[in-house]
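> I would like to see how this sequence folds:
(one chain, ligands or ions: 2)
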Amino acid sequence: MISQALNDSLTRVGPGSDAGSVLRHYWQPAALSDELISARPVVPVRLLGEDLVLFRDSAGKLGLIDRHCPHRGADLCYGRLEDNGLRCPFHGWHFDRTGQCVEQPGEPEGSHMHENIRATSYPVIEKNGIVWAYMGPGDPPAFPNLDCFRAPDSHVFAFKGLWECNWLQAMEVGIDPAHASFLHRFLQDEDPADSYGKQFRDKAGNTEIPMTKLLRDYPRPEIRVDEMEYGLKLTALRHMEDGRTHVRITNQIFPEAICIPMSREMTITQWHVPVDDTTCYWYSMFTSFKDPVNKTLMREQRLKEHRLPDYAPLKNARNNYGYDPEEQARETYTGMGLDINVHDQWAVESMGRIQDRTREHLGKTDVGIIRYRRMLRDAIAKVKDGQAEALPMRGGVDPQGIFGPLSNDAIADGHEWESVNAQSDAARRADCPWDARL
Ligand code: FES
Ligand SMILES: [Fe+2]
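Ligands and ions are numbered 1, 2, ... in the order given. Model prediction:
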C-alpha cells in the first residue's frame, strides 16, 4: 500500500510529472511502421499526454511534430502532405519534418516571420517495425543492445494493442510471475489449433510437460529478483515433486519494458507505453532465434482480435471481455477464452483507469513489483537532482556489454537450475542464424 502522493508520482506522465520526466529520458515506441504504409503517411500520435502528428515526407524521412498548428491551433493531422513537408489547410503555413515553418503563403510578400516559427518536434528513428521517439532533454541515449534490436528485420514482428488503463499497472502484470498459475490457467491441456496467445500452451523447458499443467500444478513459485544493469531479472522457480526444478526467467528492462520467453525459438519484448495518464499501448517485438518470422500471417492473426486504426482489442469492458460463466466452470480460470492477452487486459483494466494503490496489499509474490517501484522512485529522484546520466540504461552503458537479456524457460534436475538455464540459452543461441555472440 502506498500514499496517494506516491501513486501520483509513479503513474502520471504529462510534461513536468515525476514518472513522465523519467520516461522522457528514453526512446519510446510512437507507432508501428505498418501504420505509415499508406498513400498518405500521416498519423496522429498521442504519447506521454502530448498530441503529435507523425508523417513521412516526400524524401522518405520521418517527422514527429506538435499536432496543433503554431498559427491558430488547427489540427495538422488533416494537413496537406506536399512540398516535402506538411501544410496546414487553414492558412497554408508549411512545416518541414523538424517542425520549422518554411512558408506562410498568406503573409505579406517578403515577410521573414516564418523564420521564427517552429512547431515542437521530437527525434524519431525506425527500428525493426517500430517508430521510436525521444521526447526528453539533451541527446537521446544509444539504443540498448537487446536481441529485438540486434536481430535482422526479417526475424522480428512488431504489433501493438490499446489498454484502457495507466501504463504502470500494465507494466506490473509483466513482473508478477505468480499470476500465470491462476489468470492464465487452462483447465485442460490440449493445444488449440489457433496458436495466437499460446504462450503457456507450449511444452515446459523442452520436456514432455505441458506448460499449462506445470503452472497449474505448482502455483507457489519461489521468486527471486536481481537488480541488473538493465533493470530487474525475475527468476520463478517451481520445485517439482520428482525433484526437478522448473526455471522461468523474465526480465524487466528499465523503464517500461519486459522480455519474456514465448517458446524455445521466440522471445517477446514488450513496452508498456503511456498514451496519457489513463490509457496505454503495449508494443511487442516477437524475436525469432531461428527462422524468419511470417509477418503477414502474424499480423493477420492479431488483427482478428483488434480493430484499426487504433489497435483497440475487440474484447473489452463494453462486452465483458467475452466472459462466459460456463466456460469459466469448464475450460479457463477467467471464462474469457484462450487468448492470454485478454486475460491480462481484463486484470489491468478492471483495477480502474489508475489503480488505487492506497488500498492494495502486496504479498511475498509481489517482490518484483516492490523492487521495480523502488527503482522508479530512485530514478525520479535522480532526474530531480540533475543526475540523469546515472539512470539505468543511460550513459555509461557499453552497448556491446549487454546481450539479451536472457529470457528463458528450462527444467533442471535437482537444484542445478542456474547452469541448466545458461546451457539452454546457449543452445538456442548456437542455432540462431543472426546471433554473433557465440
Ligand atoms: S491555423 Fe494553421 S495556418 Fe492558420
Ligand atoms: Fe499475464
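> how about low-confidence regions in the stretch 301-438 of the chain?
395-407, 414-415, 436-438 (pLDDT under 70).
> Show me what residue of it gets nearest to ligand 1.
P309 (23.4 Å; C-beta to the nearest ligand atom). No exception for glycine: its C-beta is placed from N, CA and C like everyone else's.
> likewise the stretch 151-300 of the chain?
Taking C-beta to the nearest ligand atom, the stretch 151-300 of the chain has D276 as its residue nearest ligand 1, at 23.7 Å.
> What residues does the chain have near ligand 1?
Those residues of the chain that sit near ligand 1, judged by C-beta under 6 Å from any ligand atom, are 69, 71-72, 74, 88, 90-91, 93.
> Tell me the buried residues within those residues.
For the residues of the chain next to ligand 1, burial is judged from neighbour counts taken by 16 or more other C-beta atoms under 10 Å, and it is met by 69, 71, 74, 88, 90, 93.
> which one of those sits closest to Y323?
Each of those was scored against Y323 by C-beta to C-beta, and A74 proved nearest at 42.9 Å.
> ok, and the closest non-adjacent residue to E265?
Take E265 and drop its neighbours on the chain: the residue closest to it by C-beta to C-beta, 6 or more residues apart in numbering is K290, 4.4 Å away.
> Oops, could you answer that again for G138 instead?
Looking at G138 with C-beta to C-beta, 6+ apart, the closest residue is A388, at 7.5 Å.
> what's that neighbour sitting at in phi/psi?
A388 adopts backbone torsions of phi -60, psi -30, taken as degrees, to the nearest 10.
> if I pick it, what's in contact with it?
Contact criterion C-beta atoms under 8 Å, 6 or more residues apart in numbering gives 25, 137-138, 382, 394-395 as the residues in contact with A388.
> hmm, which of these are the buried ones?
Neighbour counting by 16+ other C-beta under 10 Å classes 25, 382, 394 among these as buried.
> Secondary structure and distance to I369 added to these, as a markdown table?
A markdown table is the format used below for the buried ones among the contacts of A388 (DSSP: H, G, I helix; E, B strand; the rest coil; distance: C-beta to C-beta, whole Å):
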| residue | secondary structure | distance to I369 |
| --- | --- | --- |
| H25 | coil | 22 |
| K382 | helix | 20 |
| R394 | coil | 23 |
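> quick one on the thing from earlier: would you check which pair of the buried ones among the residues of the chain next to ligand 1 lies furthest apart?
Farthest pair in these, by C-beta to C-beta: A74 and W93, 9.3 Å.
> which SSE is the residue nearest to E265 in?
Under the assignment given by DSSP states H and E, K290 is not contained in any helix or strand.
> Look up the residues forming beta bridges with the spatially most central residue of the chain.
Computing the C-alpha centroid of the chain and ranking residues by C-alpha atoms, centre = their mean puts W271 first, at 1.3 Å. When bridges are called by DSSP bridges, W271 pairs up with A257, Y283.
> So which residues make contact with stretch 165-173?
So stretch 165-173 is contacted by 10-11, 13, 19, 163, 179, 252, 256, 258, 272-274, 277-280, 282, 344, 347-349, 351-355, 369, 372 (C-beta under 8 Å, 6+ apart).
> Which of the residues you listed fall in strands?
Those of the contacts of stretch 165-173 mapping onto strands are 163, 252, 258, 272-274, 279-280, 282, per DSSP state E.
> Which members of these are the farthest-apart pair?
Pairwise distances among these were taken by C-beta to C-beta; the largest, 21.5 Å, belongs to Q252 and T279.
> more crowded one of the two?
Q252 (28 against 18; other C-beta atoms under 10 Å).
> my read: that one touches G174, true?
Yes - the pair Q252 and G174 qualifies as a contact (C-beta atoms under 8 Å) at a distance of 7.3 Å.
> Quick check: neighbours shared by these two?
Common neighbours of Q252 and G174 are listed as I258 (criterion: C-beta under 8 Å, 6+ apart).
> can you list the domains in the chain?
Taking automatic domain parsing as the domain assignment, the ranges for the chain are 31-133, 147-430.
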